[in-house]
Every structure is written in C-alpha cells, then in structure tokens.
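Novice: A structural model of the following input is requested.
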Amino acid sequence: MKILVTGGAGFIGSHVVRRFVQSYPKYHIYNLDALTYAGNLENLSDIKEYSNYTFIKGDITNEEFINGIFHKYNFDGVIHLAAESHVDRSIADPMAFVKTNVIGTVNLLNAARDCWENDFENKRFYHISTDEVYGALGEVGLFTELTAYDPNSPYSASKASSDHFVRAYGETYNMPYVITNCSNNYGPNHFPEKLIPLFINNIINNRPLPVYGDGNYTRDWLYVVDHARAIDLVFHKGKNAETYNIGGFNEWKNIDLVKLLCKQMDSKLNRPVGESEKLITYVKDRPGHDLRYAIDASKINKELGWEPSVTFKEGLVKTIDWYLSNKEWLKNVTSGKYKEYYNIQYNN
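Specialist: You can find the predicted model right below:
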C-alpha cells in the first residue's frame, strides 16, 4: 500500500508518519509538506533513512503539482493533515486559510478521483479536521458527531468548508472517505505558537505568559501520540462515510492548565515554587474567542476500542521533558519570522 500523508513534517503529521513508517514496513509512506514555518524535517530525522519512506516537498494549493504526484506514485490512500491551523493567524490573514484548507483539500480530492478513475476498491481518503468547526459550548454538553457546524473564526470556517467538500465528494462521486474531528493536541515537536509549547518556551526564557481575557476558556486536551494511534485505527478499521470525534476526555480551563504547567516547570527547572506563575500576564482577548470545546469520543471508543493511553498530567510531564531535552530544536524554530509574528500578536 502506498499512502500519501499531507503535512507530514508538521506537529501531528510527523507523529503519524513515524507511526506508519515504523509499524507497517510493507507500506510505503510519502510525506508531502510545503515546509512553511511549522513544517520541520527535524521532526522526522530518526526515520529519514527508512526504505519505506519518501519526502516530497510541495504545496497542496498547486493543482498541477498535486495531479502530477498522484499520477507518478498512484497512491492507494491519503491521510490529509496539511492545513493552516492557528486561529490568531487566520484572523490576520483569512485568505491564506481559504487557499490551503479549502482549495488545497479540493485539489487533493480531484487528483485522487482522477487518478483512481472511479475505481475505489481498497482506496481511502482520510481527512483530519478539528472540534472548532462545531463552534462553542456553554458550561455543559459535549460535541458529538451529529453536532451542527457553527464555526466562529476564519480558521474553523475554512476547516468546516473542507469537511463539507470531502462529504460532498463522497455523496457525489462515491469517494471512499472518513473524517475525524479532534480536540486540542499537545506533545513533542509542537511549534511554539500554541499555548503549551509557547508557555514552556517562555518559562525557560523567563518571558511573560500571555493569557487571553480572564483565562477561563476551556479546552479538551489530547496527547499527540494518542491521536496518531487513533488515526491509525480509523484509517484501517473506520467505516467509510463516517465521522469520528477524537478527544482526551480531559477538560481544562486555560488558567488552571497554565498554573499546573508553571508548577511542573518550577520543579523541572529547580526554581522556587510559584516563580513561573509570576510570569502570567493577561492580554486583550482575541475576536470570536469560543468559550468552551469538549469532545464526546465514545463512538471511536465503542466501535474501534480507542482510548487515551496517558493522563493529562502524565502527558504534560512527557511533553516538558521533551522540550527540555531538545532546546536546540526550540532555538531553531523560534528564530526569524516567528519572532516578528510573536511581537505583533502578544505585545498589546
């Protein structure tokens, strides 16, 4: 089996690529990534010499290029992770999210349909999405696979659109597809624009910890290795034309998470208890900020037997240990344009 993983040099994608390359030596995994700011081949340095792994540099928004690689390699399956994924960036530049998340996804769908010539036996298009397409929850309730879409940011709107296109190709052209909507991921190799890696990096360097609003926004957190396990299961055993929500059964208010992170970092860095917490700085809230996300992952648990393998506190320790052991990686990815973006986003 020849599988194309898009966005395979990114955070979640690199964990998926590694899992498939190492677990399925008879498969050939093709990693397609444009290597923008969040794509980093250092994430996969440990598997780059594997004989069943090939890296392809390219952009999913380039229709001619995408058609060319499909006909060159004749992929049997697609695991589509490539996306612009940061809400703050989507507010600053919505069109970039339309191009990558919507047009890029349709380019892949068209290329797969054309290459497979409507012979879909043993083929699968797997689209990875987000819980943010469902909008915001109040203090109670959970997102299920039947929750109506209600996106509130340009990012979530672009992902909702891509989900709809995948379903439409399934209905219109009988494209065999599955979709998963996941909660917030955390873990090794995460680019430090998202909360946990950003704050780990800032604590290491004694920089302010910018908390939006009152810090009471609530998210469900999923360890990235567990997400890769779920993707493996869904790709192989999920039912065509189905959606599976993947969550950590693990809700935290942002401010409570940050305080736990500060406590663990003080311990790891041998700092006085409470030292890192002094870095917390409340900043102006962002527009359209959803109050709460929470995933009901009972479907994937009952149908496929998946559940998280670590508690949040265990996963957070693993994550902190990885960043403290990979300071050179952090240094490399936080230089240049990222610093310019960070200053614009949080110096308010």
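Novice: can you tell me what sits against stretch 151-159?
Specialist: With contact meaning CB atoms under 8 Å, 6 or more residues apart in numbering, stretch 151-159 is reached by 83-87, 89-91, 94, 97-98, 100-102, 129-130, 132-136, 160, 288, 290. No exception for glycine: its C-beta is placed from N, CA and C like everyone else's.
Novice: what average pLDDT does stretch 126-143 get?
Specialist: For stretch 126-143, mean pLDDT is 95.
Novice: actually stretch 45-54, not the one I wrote
Specialist: Per-residue pLDDT values over stretch 45-54 give a mean of 96.
Novice: and residue 56, what is it in contact with?
Specialist: Listed by CB under 8 Å, 6+ apart, the contact partners of residue 56 are 30, 31, 32, 33, 69.
Novice: of those, which belong to helices?
Specialist: Helix and strand membership here follows DSSP state H; of the contacts of residue 56, those in helices are residue 69.
Novice: need the contacts of residue 56 in JSON lines with neighbour count and distance to residue 167, can you?
Specialist: Formatted as JSON lines, the contacts of residue 56 follow (neighbours: other CB atoms under 10 Å; distance: CB to CB, whole Å):
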{"residue": "30", "neighbour count": "21", "distance to residue 167": "25"}
{"residue": "31", "neighbour count": "29", "distance to residue 167": "26"}
{"residue": "32", "neighbour count": "28", "distance to residue 167": "23"}
{"residue": "33", "neighbour count": "28", "distance to residue 167": "25"}
{"residue": "69", "neighbour count": "18", "distance to residue 167": "24"}
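Novice: any chance of the contacts of residue 56 in JSON lines, with distance to residue 331 and pLDDT too?
Specialist: JSON lines is the format used below for the contacts of residue 56 (distance: CB to CB, whole Å; pLDDT from 0 to 100):
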{"residue": "30", "distance to residue 331": "30", "pLDDT": "98"}
{"residue": "31", "distance to residue 331": "24", "pLDDT": "97"}
{"residue": "32", "distance to residue 331": "27", "pLDDT": "97"}
{"residue": "33", "distance to residue 331": "21", "pLDDT": "95"}
{"residue": "69", "distance to residue 331": "33", "pLDDT": "98"}
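Novice: wasn't residue 265 part of a helix?
Specialist: Yes. The assignment for residue 265, made by DSSP: H, G, I helix; E, B strand; the rest coil, places it in a helix.
Novice: my guess is it contacts residue 196, does it?
Specialist: No. With contact defined as CB atoms under 8 Å, residue 265 does not count as touching residue 196 (10.9 Å).
Novice: all strands for the stretch 51-200 of the chain, in order.
Specialist: 53-57, 77-80, 124-130, 177-182, 184-186 (DSSP state E, counting those that start in this stretch).
Novice: point out where the protein drops to low pLDDT.
Specialist: Along the chain, the parts satisfying pLDDT under 70 run over 336-348.
Novice: tell me the contacts of the residue located most distally from the centre of it?
Specialist: Distance from the C-alpha centroid of the chain peaks at residue 272, with 33.9 Å (CA atoms, centre = their mean). For residue 272, the set of contacting residues under the criterion of CB under 8 Å, 6+ apart consists of residue 266.
Novice: can you tell me the SS state at it?
Specialist: Once three-state DSSP is applied, residue 272 turns out coil.
Novice: now the residue nearest to residue 47 when sequence neighbours are not counted: which helix or strand?
Specialist: Nearest in space to residue 47, with sequence neighbours left out and distances taken as CB to CB, 6 or more residues apart in numbering, is residue 21 at 5.1 Å. Here residue 21, judged by DSSP states H and E, is contained in helix 11-23.
Novice: from the contact counts, what lies against that helix?
Specialist: Here helix 11-23 is seen to pack against strand 2-6, strand 28-33, helix 224-237 when contacts are counted using 3 or more CB pairs under 8 Å, 6 or more residues apart in numbering; DSSP states H and E.
Novice: could these go into CSV alongside distance to residue 79?
Specialist: Putting these into CSV (distance: least, CB to CB, whole Å) gives the following:
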stretch, distance to residue 79
strand 2-6, 5
strand 28-33, 9
helix 224-237, 6
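Novice: nearest to residue 324, of the ones you listed?
Specialist: Closest to residue 324 of the helices and strands packed on helix 11-23 is helix 224-237 (CB to CB; 17.2 Å).
Novice: same for the closest one, what does it pack against?
Specialist: The elements that helix 224-237 packs onto, with contact taken as 3+ CB pairs under 8 Å, 6+ apart, are helix 11-23, strand 77-80, strand 124-130, strand 177-182, strand 184-186, strand 242-246, helix 298-304.
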